[in-house]
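> sequence and predicted model, in that order:
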Amino acid sequence: MTASPADGTTRPADSTTRPVGAADAAKPGGPAEGTGVTIVEVSPRDGLQSDPTLLGTDAKVELITRALGAGIRRIEAVSFVNPKRVPQMADADAVMAAVPRDLGASYIGLVLNRRGFERAVQTKVDEINVVVVCTDTFAQKNQGTTTDGLIDVWADIAESARSAGLRTSVTLAASFGCPYEGEVPVERLVRVAAKVAAHGPDEIAIADSIGVAVPTDVRARVAAVRDVIGDAALRCHFHNTRNTGLANAAAAVEAGVRVLDSSMAGIGGCPFAPNATGNIPTEDLVYLLHRMGHPTGVDLDALIDSVPWLEATLEHGTPGLLAKAGNFPSAALSGTGA
Ligand code: ZN
């Protein structure tokens with residue numbers, strides 16, 4: 001077993017389920033090869049970016065440290081965007097200077113353009129994540145260019161990122177539906193994925209940015225995209241806007257996806273997508289995965305313990321349900337004390 005927590009690309013050489021993405025298998029008691037799912041904690045970026053409460057650098061670093069304490073080893077920590085447009089991420093450089101470095105975590109920085117990339121390489125991010133929006137109208141509103149324009153941005157950054165020794169992933173935003181154009185045809189998603197894959201990302205994420213997907217759709221799009229992305233790992237990113245997020249995550253895992261984004265307590269959204277609500281809650285997702293027989297290496301009770309802290313820090317409630325209901329079976333019921 002060669003997979004490390006920081007390397008989501010290492011995959012078993014052969015598997016009947018043809019897993020895409022990788023498991024955190026280096027941790028003792030961590031996921032078994034083949035079934036393990038790697039959680040990418042996106043609360044520090046996708047979660048906080050659209051939260052009404054502006055957190056200070058120390059609180060962001062504590063959020064990241066708590067995720068690490070629960071065993072998560074890939075964290076979307078910051079984005080390098082125009083601070084005038086996204087004030088929540090203005091201290092990205094300071095956050096990256098303060099995050100723990102002794103636990104083997106892989107920190108992802110989101111970049112939308114060359115300028116953001118130049119900032120990212122000055123920090124100690126381990127990975128960069130470029131966003132390519134699948135529809136022209138959304139791309140224009142979000143980033144001021146077309147889908148093809150964003151693919152050109154990615155192509156330009158790809159080579160520099162590799163030379164800088166950074167792992168690269170590309171998120172295909174609005175992979176399912178667009179707030180402006182409606183349904184996104186599978187053929188369009190596949191065309192975008194193939195063009196993005198041509199520039200050699202380590203990983204491609206298909207993102208339901210506005211939370212419109214359903215499980216049948218997830219299965220169809222995962223299969224279609226996988227056919228055109230070669231060796232790139234496949235990751236999925238779901239929002240729970242219409243309460244289908246966890247069902248979609250289960251469908252993705254059953255379709256062989258082994259890397260999923262989620263956000264502690266289900267915080268999050270997208271400031272440029274109207275009515276996009278939270279990411280799927282990490283603790284609810286981990287509960288689902290463990291009960292389905294997919295190890296994650298994440299300590300569920302440690303995650304649950306952080307939810308009251310997060311709610312107190314944000315000064316509002318959060319949508320996740322597991323922390324309200326409690327784990328099952330509880331330590332008392334199982335008699336293991338664990
Ligand atoms: Zn998102």
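Thanks, I have the structure now.
> please make it C-alpha for all contacts and neighbour counts, starting now.
Fine.
> so where's the longest helix in this structure?
In the chain, assigned by DSSP state H, the helix with the most residues is helix 147-163.
> quick check: buried residues in that one?
Neighbour-count burial for helix 147-163 flags 147, 148, 149, 150, 151, 152, 153, 154, 155, 157, 158, 161 (criterion: 16 or more other Cα atoms under 10 Å).
> just the residues you listed now: which is nearest residue 132?
residue 150 (5.5 Å; Cα to Cα).
> assign residue 189 to helix, strand or coil.
Per DSSP: H, G, I helix; E, B strand; the rest coil, the local secondary structure of residue 189 is helix.
> my guess is it contacts residue 133, does it?
No - with contact defined as Cα atoms under 8 Å, residue 189 does not reach residue 133; the gap is 9.7 Å.
> re the thing from before, would you list the buried residues of helix 147-163 in a markdown table and tack on pLDDT and distance to residue 242?
A markdown table is the format used below for those (pLDDT from 0 to 100; distance: Cα to Cα, whole Å):
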| residue | pLDDT | distance to residue 242 |
| --- | --- | --- |
| 147 | 98 | 26 |
| 148 | 98 | 29 |
| 149 | 98 | 30 |
| 150 | 98 | 28 |
| 151 | 98 | 29 |
| 152 | 98 | 33 |
| 153 | 97 | 32 |
| 154 | 98 | 30 |
| 155 | 98 | 34 |
| 157 | 98 | 34 |
| 158 | 97 | 34 |
| 161 | 97 | 36 |
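> can I get these in TSV with distance to residue 69?
Supplementary listing: the buried residues of helix 147-163 in TSV, determined by distance: Cα to Cα, whole Å:
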residue	distance to residue 69
147	38
148	40
149	39
150	36
151	36
152	38
153	35
154	33
155	36
157	32
158	32
161	29
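> list just the nearest of those residues to residue 85.
Nearest to residue 85 among the buried residues of helix 147-163, with distances taken as Cα to Cα, is residue 150, at 18.4 Å.
> who's in contact with the closest one?
131, 132, 133, 139 (Cα atoms under 8 Å, 6 or more residues apart in numbering).
> surely residue 39 is within a strand?
Yes - Residue 39 forms part of a strand when assessed by three-state DSSP.
> how close does it get to residue 178?
Counting by Cα to Cα, to the nearest Å, the separation of residue 39 from residue 178 is 25 Å.
> before we move on, back to that, and the buried residues of helix 147-163, which two are furthest apart?
Once Cα to Cα is applied, these give 147 and 161 as the farthest pair, at 20.5 Å.
> check what pLDDT residue 2 gets.
Per-residue pLDDT puts residue 2 at 35.
> check residue 20 too.
For residue 20, pLDDT reads 41.
> could you do the one 4 residues further on as well?
pLDDT for residue 24: 39.
> what of residue 142?
86.
> just the pLDDT for the residue nearest the centre of the chain.
In the chain, the centroid-proximal residue (Cα atoms, centre = their mean) is residue 261; its distance is 3.0 Å. On the pLDDT scale, residue 261 is placed at 98.
> that one: what secondary structure?
Applying three-state DSSP: residue 261 is strand.
> residue 241 now?
Classification of residue 241 by three-state DSSP places it in coil.
> quick check, pLDDT for it.
Confidence score, pLDDT, at residue 241: 93.
> tally of neighbours for it?
For residue 241, the count of nearby residues is 20 (other Cα atoms under 10 Å).
> isn't it up against residue 268?
No - using Cα under 8 Å, residue 241 makes no contact with residue 268, being 10.3 Å away.
> poorly predicted segments of the stretch 1-150 of the chain, please.
1-33 (pLDDT under 70).
> mind running it again at 50?
1-32 (pLDDT under 50).
> any buried residues in stretch 137-148, and which?
137, 138, 139, 142, 143, 145, 146, 147, 148.
> correction: the previous question concerned stretch 318-325.
So, applying 16+ other Cα under 10 Å, buried residues of stretch 318-325: 318, 319, 320, 322, 323.
> and it, average pLDDT?
95.
> look up phi and psi at residue 292.
Taking degrees, to the nearest 10, you get phi -90, psi 0 for the backbone angles of residue 292.
> now it: how far from residue 249?
In terms of Cα to Cα, residue 292 sits 12 Å off from residue 249.
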